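Student: Predicted model and sequence follow; I will ask about them next.
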Amino acid sequence: MTTEIYQKLKPYIFITLAGLFLLLEMGLQVSLGVITSELMTDLKITAAGLGIIGSSYFYSYTCMQVPGGILFDCLSSKKILGTSIVLCVLGTIFFAISQGLFLASLGRMLIGFGSAFAFVAVLYIGSQWFHHKYFALMAGIATLVSSIGAIGGAIPLAYMVREIGWRHSLLLLSAVGIILAILVFVLLEDKYEKEKFRRSQLASIFKGLIITLKKKQTWAFIIFAFAIWSPITGFASLWGVPFLKKAYSISTARAAFCCSIIWVGVAIGSPLFAWLSERVKSRTLPLRCGALLGVICSIIVIYFHTEKYALHLVLFGFGFAAGGQSLIFAVINDVTDEALVGSAFGILNMAVVASGFIFQPFIGILLHYRHPVTNSAIVVDYTTSEYTWALAVIPLIFVVSFIVSMFFIKETYSSGSK
């Protein structure tokens, strides 16, 4: 009886393990936005230097998306996920003990390398152990989980940093990672036993990927995923806290709380977009609505300094709009062969996270250009006008996502061609 119960619970246990890793890696991803002032002061770096550290995570994260998807199609999920968590732990330790730009960037790069497998792992395990008709909801829940991780990397971390400092806070997170890695190595398994890896298998996957990448629709998916998520990596994950502190004259903890509202919007919007898609039997309509909402809310946040409760509502809308990115994974799942689904997720998630290594340093460079450092002093206090000028790229990229969803993504009516 116990064995029967365990067999029934296995899918939920395995998706929970992957979800916990996603929680951890998202907390690590957004932690940089909470400690910007402390980091710039301790490491004696400018906004451009902070942008380099932030982008280091996304360079390795992005580069590993397609290889990561291929690995899930070929190798054991246990080995991939367990090793990924160990890499995150090592990177977090390096970052926590860093005294300069090099080691801090290396630590963030290792975190990004390990984190590259987290979101795809949830999607892959979900596609293995749950019925196809639930996949859109699974993708929405995955994004909800990542949003909860982002919230956990903002508000609680801000208080932890205040009490024990940013270095000890990160070391505490690394200890959590060690416990999770042990659980993954002990419990996780694949639904189907995979054959011993062969070169012919890899060649077949690459051939399928080339065919997939030759399709115009694939590139429409990629551009949309990049554009709809760029505001989150550029604003919510890094520059939102310092901007809100300056523009709205609030504390770091308060600004972190406000940015966490964005992630609440993402968390609620992601499964709701999936539900709405199934309800109206359309993928493109929710995508268009989300992109348009993002344009409106981002303009209000950046250029119209609203009152406290109105700000909270608009920030929620900002995040809710970006929640549409989870639905694009359901669209590509609709039209992708099951043997290539891990690789397809990797391609799409690469587009999502590429926004991080492009937008985080790009906004930092714009700030640095607007207020350059001309002497040995480290400038950490940019003006509101400098922030609004640099953050103009946020509503513009939302406009791109709306155009793509309106004119370039074909409707799959939630059933796909599988």
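Tutor: Now that the structure is in, tell me what you want to look at. Residues are numbered from 1 along each chain as shown.

Student: Pull the number of nearby residues for G69.
Tutor: By the criterion of other C-beta atoms under 10 Å, G69 has 28 neighbours. (Each C-beta comes from the backbone N, C-alpha and C, glycine too.)

Student: which parts of whichever helix or strand it is part of are buried?
Tutor: Using DSSP states H and E, G69 falls within helix 65-74. Within helix 65-74, the residues scored as buried using 16 or more other C-beta atoms under 10 Å are 65-66, 68-74.

Student: Show me what that helix is packed up against.
Tutor: Using 3 or more C-beta pairs under 8 Å, 6 or more residues apart in numbering; DSSP states H and E, the elements in contact with helix 65-74 are helix 77-96, helix 118-129, helix 199-213, helix 341-370.

Student: Low-confidence bits of the chain, can you list those?
Tutor: 1-2, 131-133, 150, 152-154, 191-205, 208, 337-342, 371-380, 414-418 (pLDDT under 70).

Student: Distance from the chain centre to the helix holding G69, please.
Tutor: 18 Å (C-alpha atoms, centre = their mean, to the nearest Å).

Student: what do you get for stretch 48-57?
Tutor: The answer for stretch 48-57 is 16 Å, by C-alpha atoms, centre = their mean.

Student: do stretch 242-250 as well
Tutor: Remark: stretch 242-250 is offset 24 Å from the chain centroid, using C-alpha atoms, centre = their mean.

Student: what comes up buried for that stretch?
Tutor: Residues of stretch 242-250 classed as buried: 242-248, 250 (neighbour count, 16+ other C-beta under 10 Å).

Student: Now do the helix of greatest length in the chain and helix 118-129, the angle between them.
Tutor: Ranked by residue count and defined by DSSP state H, the top helix of the chain is helix 2-34. Calculated by axes from the mean of the first three to the mean of the last three C-alpha atoms, to 10 degrees, helix 2-34 forms an angle of 160 degrees with helix 118-129.

Student: Buried residues, helix 2-34. List them.
Tutor: For helix 2-34, by 16+ other C-beta under 10 Å, it's 14-34.

Student: re the thing from before, now flag whichever of the buried residues of stretch 242-250 is closest to L81.
Tutor: Among these, P242 lies closest to L81 (C-beta to C-beta), at 33.8 Å.

Student: you'd agree the closest one is up against Y382?
Tutor: Yes: contact criterion C-beta atoms under 8 Å: P242 and Y382 qualify, at 7.4 Å.

Student: T306 in helix, strand or coil?
Tutor: With DSSP: H, G, I helix; E, B strand; the rest coil as the basis, T306 sits in coil.

Student: Check the burial of it by counting its neighbours.
Tutor: 14.

Student: can you check the one 10 residues further on too?
Tutor: A total of 19 residues lie near F316 under the criterion other C-beta under 10 Å.

Student: and it, what is it in contact with?
Tutor: Shown in contact with F316 (C-beta atoms under 8 Å, 6 or more residues apart in numbering): 261-262, 264-265.

Student: gap between it and A236?
Tutor: Counting by C-beta to C-beta, to the nearest Å, the gap from F316 to A236 is 12 Å.

Student: How about V145?
Tutor: Taken as C-beta to C-beta, the span from V145 to A236 is 16 Å.

Student: quick one, which of those two is more surrounded?
Tutor: Neighbours were counted for V145 and for A236 using other C-beta under 10 Å; A236 has more, 27 against 24.

Student: ok, for the more buried one, nearest residue in space, not its chain neighbours?
Tutor: I262 (4.3 Å; C-beta to C-beta, 6 or more residues apart in numbering).

Student: Contact partners for that neighbour?
Tutor: 232, 235-236, 240, 315-316, 318-319, 322.

Student: again, only this time at 7 Å
Tutor: For I262, the contact set (C-beta atoms under 7 Å, 6 or more residues apart in numbering) comprises 236, 315, 318-319.

Student: what's the spacing between the residue nearest to F119 when sequence neighbours are not counted and L50?
Tutor: Take F119 and drop its neighbours on the chain: the residue closest to it by C-beta to C-beta, 6+ apart is N349, 5.6 Å away. Noted for N349: a distance of 24 Å to L50, by C-beta to C-beta.

Student: again with S230
Tutor: 18 Å.

Student: and what of I328?
Tutor: Per C-beta to C-beta, I328 is found 30 Å from L50.

Student: Also A136?
Tutor: Distance from A136 to L50, counting by C-beta to C-beta: 37 Å.

Student: neighbour-wise, which of the two wins?
Tutor: A side-by-side neighbour count of A136 and L50, using other C-beta under 10 Å, places L50 first with 29 against 25.

Student: May I ask which helix or strand encompasses that one?
Tutor: Counting by DSSP H and E, the element that carries L50 is helix 47-63.

Student: That helix - contacts with which helices or strands?
Tutor: helix 2-34, helix 36-43, helix 101-115, helix 341-370 (3 or more C-beta pairs under 7 Å, 6 or more residues apart in numbering; DSSP states H and E).

Student: now the angle from it to helix 65-74?
Tutor: For helix 47-63 against helix 65-74, the angle by the same axes, to 10 degrees is 30 degrees.

Student: Helix 47-63: how far from the chain's middle?
Tutor: That offset, for helix 47-63, works out to 13 Å (C-alpha atoms, centre = their mean).

Student: Need the residues that contact it.
Tutor: Outside helix 47-63, the residues touching it (C-beta under 7 Å, 6+ apart) are 29, 32, 36, 39-40, 101, 104-105, 108-109, 111-113, 115-116, 238, 350, 353-354, 356-357, 360-361, 364-365, 367-368.

Student: go with 8 Å
Tutor: Counting by C-beta under 8 Å, 6+ apart, 29, 32, 36, 39-40, 43, 45, 101, 104-106, 108-113, 115-116, 233, 237-238, 350, 353-358, 360-365, 367-368, 379-380, 382 sit against helix 47-63.

Student: From those residues, list the buried ones, please.
Tutor: The buried subset of the contacts of helix 47-63 - by 16+ other C-beta under 10 Å - is 29, 32, 36, 39-40, 43, 45, 101, 104-106, 108-113, 115-116, 233, 237-238, 350, 353-358, 360-364, 367-368, 379, 382.

Student: who are the neighbours in contact with I178?
Tutor: So I178 contacts V89 (C-beta under 8 Å, 6+ apart).

Student: Offset the numbering so it begins at 202, please.
Tutor: Okay, using 202 as the starting number, the last item reads as I379.
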